[in-house]
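# the sequence isn't on hand, but the structure is:
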Ligand SMILES: Nc1ncnc2c1ncn2[C@@H]1O[C@H](COP(=O)(O)OP(=O)(O)OP(=O)(O)O)[C@@H](O)[C@H]1O
């Protein structure tokens, strides 16, 4: 393992790195993060011995690096520097072969099968074998970067120090390179320290991160301990937002631009909803932040078009997605900018109403078909049909993440209360229904105006959602029943 103890150093009298200590176990990868000039490269140079530390010690498996003869140290530790001395007029193969230098007693004279195998493997890993005879100056920046990483890998050292290995690489090659390095770390039990500018890549690939500022460690630990909004904002002096990776338990950050959307004074109004026999639709000037269980674009996102489309009760719901996307595009809208759900209920019976409060207002839109009522507490296998209750809540205000979730809960409770009020019965159990088997809910917000941190029934917006969804659902059920009688 690699141990760094109270390491300090810099350039002449200029102290850059100040008493830094940490350790990296075999098979693990540690990422160094920090703004420009924070001392990342200087720390790497102190670890690799390019710079003489003013104090502190670096140990490999307990032995101070100063005690290793130069060539032996090079067999233990490979370095990918930030800036490469351009070895022009060298071919790819020659450049990668330089990585074998520490393993040789005499220059090329002692080129062994082992050297050849290491070079071939490194070129294969970095996907540059086909460039073997190409001159470095004839390659792109990203291709050259892969050659230098191959050179470091060919060195077959147990410790790998990488200064921005993904520099110049496109996203696929960034992923390929880091996948390869990570795999090498695990399979060959390498110890890897790598500098990153991309916090998200570092979070995804590193077991541990170290956040530096002004030559010191601000925070060190697993990615979830380091990639935190507050620390990243303080160190990089920029606004960021932290969110989960869609597939991995690794936090990711998104930059929040300094130039914000102009508050265009946009307001969602009930009279701007289009209610026809074919659909209920709302088109917003600006995208609304939306959370929904729609058919198209479910989950969260920003959308301008909202569609609740009527389909026949016998509609085949297996291939509904593609069919509804075609329908959206045929209507002249962009599916990528549209949240769409469907219903077998007659959409002209939709209830759309506006409710005003001190903070602003909300618009509630409900279509309800209750022939398909389900008592959720007695869930049993049922035939799936498209008679549903679709509930939209559009908020003129800024909803926090909590508020989006609370708005959904409040709306669902209000819907259930409406079914109770209207004594909608689950035909299978004979008990009061709590919803239908295919209900959808959508909460959208302009993200302009007043900030609404919460949306439970204790809050003003929650009260409007509760009353609004209850009233609209009751009325929609009554209309549905009236229509059935005719
Ligand atoms: N050769 C040098 N001589 C004198 N000062 C240097 C030298 N190299 C770097 N410095 C100074 O040391 C400080 C830290 O530089 P370093 O390269 O370690 O930062 P870094 O975190 O790697 O930055 P970047 O993200 O820009 O690569 C900077 O203020 C820089 O000006």
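Structure received. Bear in mind that the values here come from a model prediction, so they are computed numbers and not experimental data.
# so where is the stretch 1-150 of the chain shaky, pLDDT-wise?
Judged by pLDDT under 70, the stretch 1-150 of the chain has its weakly predicted residues at 82-88, 106-109.
# just the strands from it, written as ranges.
Listed in chain order, the strands of the stretch 1-150 of the chain (DSSP state E, counting those that start in this stretch) span 2-11, 14-24, 29-33, 55-60, 63-64, 77-80.
# surely residue 23 meets residue 58?
No - using C-beta atoms under 8 Å, residue 23 is not in contact with residue 58, being 10.5 Å away. C-beta here means a position set from N, CA and C on the backbone, and glycine is covered the same way.
# these two: which is more packed in?
residue 58 (20 against 14; other C-beta atoms under 10 Å).
# run through the residues that contact the spatially most central residue of the chain.
Central residue of the chain (C-alpha atoms, centre = their mean): residue 245, 3.9 Å from the mean position. Neighbouring residues of residue 245 by C-beta atoms under 8 Å, 6 or more residues apart in numbering: 203-204, 251-252.
# adding pLDDT, write those out as CSV.
CSV is the format used below for these (pLDDT from 0 to 100):
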residue, pLDDT
203, 97
204, 97
251, 95
252, 96
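# identify the farthest-apart pair in the residues you listed.
Greatest spacing in these, by C-beta to C-beta: 204 and 251 (9.6 Å).
# list the residues that are in contact with both of these two.
223, 245.
# could you pull out the helices for the stretch 301-450 of the chain?
Secondary structure of the stretch 301-450 of the chain (DSSP state H, counting those that start in this stretch): helices at 320-330, 401-421.
# how distant is the shortest one from the center of its chain?
Translated: helix 320-330. Relative to its parent chain, helix 320-330 has a centroid offset of 27 Å by C-alpha atoms, centre = their mean, to the nearest Å.
# contacts only, for residue 208.
24, 28-31, 220-223.
# residue 125 against residue 180, yeah?
Yes - counting by C-beta under 8 Å, residue 125 does reach residue 180; the two are 5.0 Å apart.
# gap between the residue in the stretch 351-486 of the chain that the ligand sits nearest to and residue 244?
Closest to the ligand within the stretch 351-486 of the chain is residue 401: 32.1 Å, counting by C-beta to the nearest ligand atom. Residue 401 sits 11 Å away from residue 244, going by C-beta to C-beta, to the nearest Å.
# quick one, which of the strands of the stretch 1-150 of the chain is nearest to the ligand?
Taking those one by one with C-beta to the nearest ligand atom, strand 2-11 is closest: 3.5 Å.
# partners of that closest one in the sheet?
Applying DSSP bridges to the sheet, strand 2-11 is found paired with strand 14-24 (antiparallel), strand 55-60 (antiparallel).
# and that strand with strand 29-33, angle?
If you take axes from the mean of the first three to the mean of the last three C-alpha atoms, to 10 degrees, strand 2-11 sits at 30 degrees to strand 29-33.
# can you list contacts of strand 2-11?
Residues from elsewhere that reach strand 2-11, judged by C-beta under 8 Å, 6+ apart: 15-24, 42-43, 46-47, 51-60, 62, 159, 191, 193, 215.
# which of those are buried, as a PyMOL select command?
In PyMOL syntax, the buried subset of the contacts of strand 2-11 is picked out as below (16 or more other C-beta atoms under 10 Å):
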select buried, resi 15+16+17+18+20+22+24+42+43+46+47+51+53+56+58+59+60+159+191+193+215
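# so which of the contacts of strand 2-11 also contact the ligand?
Of the residues in these, proximity to the ligand by C-beta under 6 Å from any ligand atom holds for 16, 42.
# closest to the ligand among the contacts of residue 245?
Nearest to the ligand among the contacts of residue 245: residue 203, at 17.4 Å, using C-beta to the nearest ligand atom.
# show me what contacts the closest one?
31, 209, 223, 226-227, 245, 250-253.
# change it to 6 Å
Applying C-beta atoms under 6 Å, 6 or more residues apart in numbering to residue 203 gives the contacts 223, 227, 250-251.
# equivalent analysis for residue 71, please.
Each residue near residue 71 by C-beta under 6 Å, 6+ apart is listed here: residue 102.
# look up how far residue 344 lies from it.
Taken as C-beta to C-beta, the span from residue 71 to residue 344 is 78 Å.
# residue 217 now?
Look at residue 217 and residue 344: by C-beta to C-beta, they are 61 Å apart.
# look at those two and report which has more neighbours.
residue 344 (20 against 17).
# over to the more buried one: give its phi and psi.
Backbone geometry at residue 344, expressed as degrees, to the nearest 10, gives phi -90, psi 0.
# so it touches residue 313, yeah?
Yes - using C-beta atoms under 6 Å, residue 344 makes contact with residue 313 at a distance of 4.2 Å.
# hang on, the earlier thing: looking at residue 204 and residue 251, which one has more neighbours?
A direct count of neighbours by other C-beta under 10 Å for residue 204 and residue 251 places residue 251 higher, at 22 against 19.
# who's in contact with that one?
203, 223-224, 227, 242.
# who's it bridged to?
residue 244.
# start the count at 43 instead of 1 going forward.
Got it, first residue is 43 now, which makes that one residue 293.
# how near is it to residue 197?
33 Å.
# helices along the stretch 43-192 of the chain, start to end?
According to DSSP H, counting those that start in this stretch, the helices that the stretch 43-192 of the chain contains are 82-90, 112-118, 134-139, 155-167, 183-196.
# out of these, nearest to residue 43?
By C-beta to C-beta (comparing all of these), the closest turns out to be helix 112-118, at 11.9 Å.
# what residues of the closest one count as buried?
115-118.
# stretch 67-76 now?
Neighbour-count burial for stretch 67-76 [16+ other C-beta under 10 Å]: 69-76.
# just those residues that are near the ligand?
Filtering these for proximity to the ligand by C-beta under 6 Å from any ligand atom leaves residue 76.
# and the helices of the stretch 43-192 of the chain as a markdown table, adding distance to residue 370?
Below are those laid out as a markdown table (distance: least, C-beta to C-beta, whole Å):
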| stretch | distance to residue 370 |
| --- | --- |
| helix 82-90 | 48 |
| helix 112-118 | 60 |
| helix 134-139 | 50 |
| helix 155-167 | 45 |
| helix 183-196 | 38 |
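# of all those, which one comes closest to residue 483?
Closest among those, using C-beta to C-beta: helix 183-196, at 45.8 Å.
# which other helices and strands does the closest one contact?
strand 119-122, helix 134-139, helix 155-167 (3 or more C-beta pairs under 6 Å, 6 or more residues apart in numbering; DSSP states H and E).
# looking at the longest strand along the chain now, give me its mean pLDDT.
Scanning the chain for the strand with the most residues, using DSSP state E, yields strand 321-334. Mean pLDDT, strand 321-334: 96.
# run the angle between it and helix 362-372 for me.
Using the same axes, to 10 degrees: strand 321-334 against helix 362-372 is 120 degrees.
# just checking: what are the partner strands of strand 321-334?
With DSSP bridges as the test, strand 321-334 is paired with strand 316-317 (antiparallel), strand 341-352 (antiparallel), strand 482-487 (antiparallel).
# can I get the buried residues of helix 112-118 in TSV with distance to residue 520?
Shown next, in TSV, are the buried residues of helix 112-118 (distance: C-beta to C-beta, whole Å):
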residue	distance to residue 520
115	83
116	83
117	83
118	80
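# close to the ligand: what parts of the stretch 43-192 of the chain are there?
Within the stretch 43-192 of the chain, the positions adjacent to the ligand are 53, 56, 58, 76, 78-84 by C-beta under 6 Å from any ligand atom.
# please tell me I have it right and residue 134 contacts residue 171.
No - contact criterion C-beta under 6 Å: residue 134 and residue 171 do not qualify, at 8.7 Å.
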